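Participant: need a 3D model of the sequence below.
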Amino acid sequence: MNLPDTILVQDLQAVHPEYDSGRLAHCKALYHGGRIFAESLDEFLVKRKIEEKDRSHYELRKRRSFYVPYSAGLLDWIAAAAFQDGVEVRVVSGDQEAVDYYESLNADADGRGTPITAIASRALLAAMTYGRAYVFPDFRHPMSIATQPKTKDARLVLLDPVAIDDWEQDEEGFLEWSRMHVMERTRDEAAHYKKAQDERHLWTFFDEKNITVYELLKKAGQRQEKIAKRIESRAHGLGLCPVFDVRSPENIWVMDRIFEVAVALFNREASLTWALDMSAYATLVLTLDQTQINQIVATELAALRLRVGESANYIAPPGGIYEPLFKDADRLKANLYEVVRTLGIDAAKVPQAGRMSGETISQMRAPLDVLLESFSQPVLEAIARLIDAVRRKRGDDDVEVEIVMGDDAEVSTDETEREMEAERGRDEGDSDGSEAESTDGGSEDGAAGESIGYRKALVAEDRI
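Facilitator: The predicted model follows:
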């Protein structure tokens, strides 16, 4: 992939046809709730006809609208259940140095003490929330040195799926290249005490050879530049796109499937809350004959004097009128879980492309088990493809590694080699010649993880 020194910003702002930033933002709000949901409340709370002209009433109702992220609990449960038996990297054959490195990923996959099981669970959670997930090999050393094998040790990092806004796939469906865009607010270097108002945009291209970063600085109150400049380009030496996507079935985007139900449930509960608030206090009703309304003084220290035939009563609507609202809210909650049950039935009907053996399928206790299996396997395969790429970069051709989950589910890196051939676009000979190592210095291929551009784009997994 040949990239110029500069690129027009308008070209960088063009996204993949399948990328929908608005839909992804809504899915993020529905999952996280809280402040993120509140910031986009207008896009979820439906206006009544009377509120289209009178905004004040709508604003009052907004303040009494509370969102409970039921969908988040549902997705969290699926992600946890799918990997409840744990994920383990096992070295079937190889020297002690290989065993020490690969199996160290079990307890510390990302270099921050996160177990590989948690990485897999978070990757599945991202795929269910946004319809896609990406894992990346993070090499922590700027140069790979032959006499120091640990300089080729990589950790597994999740990239923000919302930040990956453009990509290209080959005929086999593997990524040929991908692009990630992030923005951070910065302070004026001459006045660090002022509020961060400037923007720094970074576009990072990942292809089969390099990681290339473009930068655009937007100063507050100044005219925006139209060109982004290349600030870094580093060879990574993997021979394929270093971003490994979770190649998942269509039904894995659970949030998209339950989106309308979740929004409808929020509006029903919001209307129920508003109705209960409005009827929480009884209303004073005066029946007057000769007394003028302007003659009535009602305070805590005053008594109301009425004439014969006049009356004053406090009334409140009967509680039974809210029963249909409560039933409708319960119906919508049940629909959320019904969608997941339907996904499980669909997964049981559709062959999993050879991912599950006949014996495994026969042992499934319910459609939900099939659903969890069909969801977990794409994540394991993405991790297996990543580890296979790292294994080749390290020169561990004689090392065999397995990704094992539970008692009978496993993915071997050797099994992924046939798929990787289509992704690499080169044969074994090209792979051996791709790295020019030196015993007294660093190799040209460097390390993907040292790119300052992409490091700004790495997102802590707990924020996904």
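Participant: please, which helix or strand holds Asp397?
Facilitator: Using DSSP states H and E, Asp397 falls within no helix or strand.
Participant: look up how far Tyr314 lies from it.
Facilitator: Asp397 is 85 Å from Tyr314, where distance means CB to CB, to the nearest Å. (C-beta placed from N, C-alpha, C; glycine too.)
Participant: try Tyr70
Facilitator: In terms of CB to CB, Tyr70 sits 37 Å off from Tyr314.
Participant: what sits against the residue lying closest to Ala312 once chain neighbours are set aside?
Facilitator: Leaving aside its sequence neighbours, Ala312 sits nearest to Leu286 (CB to CB, 6 or more residues apart in numbering; 5.3 Å). Residues in contact with Leu286 (CB atoms under 8 Å, 6 or more residues apart in numbering) are Ile293, Ile296, Leu306, Glu310, Ser311, Ala312.
Participant: let's have those residues in CSV, adding pLDDT.
Facilitator: Listed next are the contacts of Leu286 as CSV, based on pLDDT from 0 to 100:
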residue, pLDDT
Ile293, 70
Ile296, 69
Leu306, 73
Glu310, 78
Ser311, 81
Ala312, 77
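Participant: mind picking the two most distant members of those residues?
Facilitator: Ile293 and Ser311 (14.5 Å; CB to CB).
Participant: more neighbours, those two?
Facilitator: Ser311 (10 against 7; other CB atoms under 10 Å).
Participant: wait, that one sits on Thr287?
Facilitator: Yes: counting by CB atoms under 8 Å, Ser311 does reach Thr287; the two are 4.5 Å apart.
Participant: please report how far the residue nearest the centre of the chain lies from Thr283.
Facilitator: Computing the C-alpha centroid of the chain and ranking residues by CA atoms, centre = their mean puts Ala126 first, at 3.5 Å. Per CB to CB, Ala126 is found 50 Å from Thr283.
Participant: next one: Leu41
Facilitator: Going from Leu41 to Thr283 by CB to CB gives 29 Å.
Participant: okay, now Asn106: neighbour count?
Facilitator: If we define neighbours as other CB under 10 Å, then Asn106 has 15 of them.
Participant: that older thread, the more surrounded of Leu41 and Thr283?
Facilitator: Set side by side, Leu41 and Thr283 show more neighbours around Leu41, with 15 against 11, by other CB under 10 Å.
Participant: could you measure from the closest residue to that one other than its chain neighbours over to Ser121?
Facilitator: Nearest non-adjacent residue to Leu41, counting by CB to CB, 6+ apart: Lys62, 5.8 Å away. Between Lys62 and Ser121 the computed distance is 35 Å (CB to CB).
Participant: neighbour-wise, which of these two wins?
Facilitator: Taking other CB under 10 Å, Lys62 and Ser121 do not tie; Ser121 has more neighbours (23 against 16).
Participant: OK, contacts around that one?
Facilitator: With CB under 8 Å, 6+ apart, Ser121 has these contacts: Ala79, Ala80, Ala82, Phe83.
Participant: and it, which of the three is it?
Facilitator: Following DSSP: H, G, I helix; E, B strand; the rest coil, Ser121 is assigned to helix.
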